[in-house]
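>>> Fold the stuff below for me.
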Amino acid sequence: MVSQDINKINRVFMLLLVWGSMGLYLEMPGPTMIDIKIIFKATYEDVSRSVSGRGAGGFCGALVAGFLVDRFSHSLDLLIALAETVAGLAIMTLPYTFTINTLWFHYFTLGVCSGVVGIAGIRSVITLWPEKTAVSLQLLHVGYGIGALMVPLAVNPFLAIVELPKQKDLHKKTEYFRIIKGTHVQYAYVAIGIGTILLSLTFYRFHFQRYFCKGYKRVKTSTEALTRKLTFKEMINPATYANGQFCYGVYTLFMLFMYYFSMVGGLEMFGQFVRSFSVEVFKFTKTEASYLNMTFWLGITIGRLVGSVLSNYIPIKKLFMFQVLMHTFSATMLNVYASISPTLLWYCTAFEGFLISTLNASGIAYGNTLIEISGMCLMIIQFAGSFGDLSFIWVEGKLYDTYGPKSVLYILQLVGIVLLFCALFLRIGERYKRVKEVELLIKT
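Here you go, the predicted model:
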């Protein structure tokens, strides 16, 4: 029993490192955008358009992984290893691609790989340690946050030194800055790529130990249903994941879709616009605005770490409702106080990051108590998050131009209310499920 727990802890720790690697290679575009622009002699628009390939790849990766994870449920380690290997090669060769146009395909590949790793990794945790799902998922997201925070530290020694244009020259489009020291950012890309590939070797070992090493003790799962192979018809049938209850399965998946659409969209929207809000409302300098943005992501990382501890002691159903309620409170505080003074904006931003951070992993953990969260269910969740990311930022961009910076706070307040209603409707659906199960038991 002890050896089984040690094996499970080792797997979760390695998955945490994988999430850290995702945080590194997915969050590289921001800090290195100027250097990529220099390497390819491109404009910001060109680089941004190339980075958008990451989002398109995320959609495709979710679609592919949804089927692969359910069809090859005994080969999750191999799926993770292959995706990490391809991601390592893509990030390593990114600065050496032919043109700015082919750069899109590198980011597209990274998006596909992150989609596969994300779904296969979460499914692996659910299968591996269902009784500790909430704790494990929070830790995985901590890994991503740490990886994202490490990006500036990893790339800073290799970045070009540039002189920004003076205020009077900002209207000139021929030159945006003067290069004082050339870029060597390609070395950072290569180093992160090599580290990602080396990390994938561990999961190749896990896979081959499972099938080819005599005497190797497999990590047991709690139920056969978690690892059985599904037919295509079973994969697309919501009743498969809801103990045969089709209507309840559709209802729960719809509510989870709305939950992740709103939660991820709100998180990414606030993360993108809080910097602009601080500059336009309180005239923050560029450095102050960057620190504010970092405070938000630091709050997210700390919040996930605290969430992993709380998940070990508080039942997920109670913890999930408490976290959603607290986030609604945080969104209200932001809406009321964030525009009053810079100090309150700092506190409210850190508080919001801390509270919204736990809602991703807790939502999946709570959802897994309602239905069986399979690869197809995770695909729907990832679709919802990606769609929310694209939709909220696009809509808020229009609202920002029309109604000004405070529209960011109004949208976040709306997100808090929607998440609260989603949580309540999920709880109502859970009670409906119990009634139906009792009626079925009486009839039989």
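>>> Which residues are in contact with Ser362?
Remark: with contacts taken as C-beta atoms under 8 Å, 6 or more residues apart in numbering, Ser362 is in contact with Ala134, Leu137, Gln138, Gly307, Ser311, Ile316, Leu319, Phe320, Gln323. C-beta coordinates here come from the backbone N, C-alpha and C atoms, glycine included.
>>> which residue ranges form the strands in the stretch 51-200 of the chain?
For the stretch 51-200 of the chain, applying DSSP state E, counting those that start in this stretch gives strands covering 161-163, 178-181.
>>> related to what we said a few turns ago, name the nearest of the contacts of Ser362 relative to Phe40.
Within those, distances to Phe40 taken as C-beta to C-beta reach their minimum at Leu137, with 37.7 Å.
>>> How about the closest one: what's its closest non-neighbour residue?
In this structure, Leu137 finds its nearest non-sequential neighbour in Ala361, 3.6 Å apart by C-beta to C-beta, 6 or more residues apart in numbering.
>>> pLDDT weak spots in the chain?
For the chain, applying pLDDT under 70 flags the ranges 1-5, 44, 162-177, 211-230, 286, 435-444.
>>> per-domain residue ranges of it.
Annotated domains of the chain cover 1-215, 239-444 [automatic domain parsing].
>>> could the ones you listed go into TSV alongside distance to Phe232?
Formatted as TSV, the entries for the domains of the chain read as follows, by distance: least, C-beta to C-beta, whole Å:
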stretch	distance to Phe232
domain 1-215	8
domain 239-444	10
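>>> can you count the residues close to the spatially closest residue to Thr99 that is not a sequence neighbour?
For Thr99, the nearest residue in space outside its immediate sequence neighbours is Phe40; the separation is 7.1 Å by C-beta to C-beta, 6+ apart. By other C-beta atoms under 10 Å, 19 other residues sit near Phe40.
>>> So Phe40 sits against Met33, correct?
No: with contacts defined as C-beta atoms under 8 Å, Phe40 does not count as touching Met33, sitting 11.1 Å away.
>>> tell me, what's touching these two both at once?
Each of Val47 lies in contact with both Phe40 and Met33 under the rule C-beta under 8 Å, 6+ apart.
>>> going on from the helix or strand harbouring Phe354, what's the next piece of helix or strand?
Using DSSP states H and E, Phe354 sits within helix 342-356. Tracing the chain past helix 342-356, the next element assigned as helix or strand by DSSP H and E is helix 359-370.
>>> Flag every buried residue along that next one.
Neighbour counts using 16 or more other C-beta atoms under 10 Å place Leu359, Asn360, Ala361, Ser362, Gly363, Ile364, Ala365, Tyr366, Gly367, Asn368, Thr369, Leu370 of helix 359-370 among the buried residues.
>>> Closest one of those residues to Tyr403?
Of all these, Leu359 has the smallest distance to Tyr403: 26.2 Å, by C-beta to C-beta.
>>> Check the gap between that closest one and Tyr366 for me.
Taken as C-beta to C-beta, to the nearest Å, the spacing of Leu359 relative to Tyr366 amounts to 10 Å.
>>> OK, contacts around Tyr259?
Under the criterion of C-beta under 8 Å, 6+ apart, the contact partners of Tyr259 comprise Gly363, Ala384, Leu419, Cys422, Ala423, Leu426.
>>> Isn't the third one up against Gln323?
No: in this structure, Leu419 sits apart from Gln323 without contact. The criterion is C-beta under 8 Å, and the distance is 9.6 Å.
>>> Near Ser290, how many residues? Count them for me, please.
Per other C-beta under 10 Å, the neighbour tally for Ser290 reads 14.
>>> how far out from the middle of the chain is whichever strand or helix holds Leu305?
Counting by DSSP H and E, the secondary-structure element that holds Leu305 is helix 286-311. Centre-to-centre, helix 286-311 and its host chain are 14 Å apart (C-alpha atoms, centre = their mean, to the nearest Å).
>>> So which elements touch it?
Judged by 3 or more C-beta pairs under 8 Å, 6 or more residues apart in numbering; DSSP states H and E, helix 286-311 is in contact with helix 133-155, helix 246-282, helix 316-337, helix 342-356, helix 359-370.
>>> Buried residues in that helix, which are they?
Buried-residue list, helix 286-311, by 16+ other C-beta under 10 Å: 288-289, 292-293, 295-305, 307-308, 310-311.
>>> what about Gly244, is that helix, strand or coil?
Here Gly244 takes the coil state, with states given by DSSP: H, G, I helix; E, B strand; the rest coil.
>>> From Cys377, how far out is it?
The gap separating Gly244 from Cys377 is 16 Å, by C-beta to C-beta.
>>> Comparing those two, which shows the higher neighbour count?
When neighbours are counted by other C-beta under 10 Å, Cys377 comes out ahead of the other of Gly244 and Cys377, with 27 against 12.
>>> Wait, the more buried one touches Tyr241, no?
Yes: taking contact to mean C-beta under 8 Å, the distance of 5.9 Å between Cys377 and Tyr241 places them in contact.
>>> who touches both of these two?
Looking at what touches both Cys377 and Tyr241 (by C-beta under 8 Å, 6+ apart), the common residues are Leu253, Ile371.
>>> Against Gln382, how distant is the closest residue to Thr196 other than its chain neighbours?
Distances taken as C-beta to C-beta, 6+ apart place Gly88 nearest to Thr196, at 3.5 Å, with adjacent residues excluded. For Gly88, the distance to Gln382 (C-beta to C-beta) stands at 21 Å.
>>> helix/strand/coil for Ile340?
Using three-state DSSP as the criterion, the local structure at Ile340 reads coil.
>>> Count the neighbours of it for me.
Neighbours of Ile340 under the rule other C-beta under 10 Å: 11.
>>> cool, Gln209 as well?
14.
>>> now do Glu372
A count of neighbours around Glu372, defined by other C-beta under 10 Å, yields 17.
>>> surely it meets Pro238?
No: the pair Glu372 and Pro238 fails to qualify as a contact (C-beta under 8 Å) at a distance of 10.7 Å.
>>> close enough to count as contact, Thr43 and Lys37?
Yes: counting by C-beta under 8 Å, Thr43 touches Lys37, with 7.1 Å between them.
>>> Have a look at the two and say which one is more surrounded.
Each of Thr43 and Lys37 has its neighbours counted (other C-beta under 10 Å); Lys37 has more, 20 against 13.
>>> What strand or helix carries the more buried one?
helix 29-40.
>>> What residues of that helix count as buried?
For helix 29-40, burial by neighbour count (16+ other C-beta under 10 Å) applies to Pro29, Pro31, Thr32, Ile34, Asp35, Ile36, Lys37, Ile38, Ile39, Phe40.
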